[in-house]
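Participant: Following is a predicted model, sequence given first.
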Amino acid sequence: MSGTALNEAPCFERLLGLKFTPDLKWNCYIQSVAKEAGKMVSSLYRTRKYLTPSAILYLYKSQIRPRMEYCCHIWAGAAQSSLACLDRVQNRLQNLVGSDLFTTLQPLSHRRNVASLTLLYRYFHGKCSVELHSLVPPLRTFSARTRFATSTETNHPFFLNTPPLRRKFHAESFFSRTTSLWKKLPCDCFSNGYN
């Protein structure tokens, strides 16, 4: 700007609750969320003599877990070491509510995958902005009649074409990661239209 060099910021301020870094990695954000959620679980430990296990589980599901899942479709492709911080927070709950109630909780990785697939389903059917809908990979078309082509068209009519990726970094982005999950779903998950 008029001959003045600008210094690169180490981290951008929060945008809609997410903290962006210049390298677009989510490790710092996930660790800060895990730290905050861990403090909330610690407060449940201090109040456990006043609450029943089912009340503790209810508080976790309504107050703590939503904070750990906020915008998870964006950062779900982060490094497993970072995502493990969130799993450790949820695992601490087992001592509070007992094994029977704890087994009713779904793993956080499963919930992140379902959230991502739900959004891709909406984007695929155009229940979003035109710009987002245009980013959805097209349906895969086959030029040759191979066994794979016939099987895919019969068993998975919504098989999306994944563009080739040059870097592993992009493989963990939303559309690449979620398209891979989408392809693994059985055919009976899909209806002919949006519902």
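Facilitator: Structure's in. What do you need?

Participant: Give me the residues contacting the helix ranked longest in the chain.
Facilitator: Taking DSSP state H as the criterion, the chain has its longest helix at helix 27-46. Helix 27-46 has contacts (Cβ atoms under 8 Å, 6 or more residues apart in numbering) with 11, 18-19, 21, 51, 56, 59-60, 63-64, 67-68, 70, 75, 78-79, 81-83, 85-86, 88-89, 92-93, 96. For glycine as for every other residue, the C-beta is placed from the backbone atoms N, C-alpha and C.

Participant: Per-residue pLDDT of Asn27, please?
Facilitator: We have a pLDDT of 88 for Asn27.

Participant: begin at 458 from here
Facilitator: Sure thing, new numbering starts at 458, so read that last one as Asn484.

Participant: That one: neighbour count?
Facilitator: Neighbours of Asn484 under the rule other Cβ atoms under 10 Å: 16.

Participant: Now, of the contacts of helix 484-503, which are buried?
Facilitator: Neighbour counting by 16 or more other Cβ atoms under 10 Å classes 513, 516-517, 521, 525, 532, 535, 539-540, 542-543, 546, 549-550, 553 among those as buried.

Participant: Farthest pair within those residues?
Facilitator: Ile513 and Ala535 (27.9 Å; Cβ to Cβ).

Participant: on that earlier part again, out of the contacts of helix 484-503, list just those in helices.
Facilitator: Per DSSP H, the subset of these in helices is 513, 516, 524-525, 532, 538-540, 542-543, 545-546, 553.
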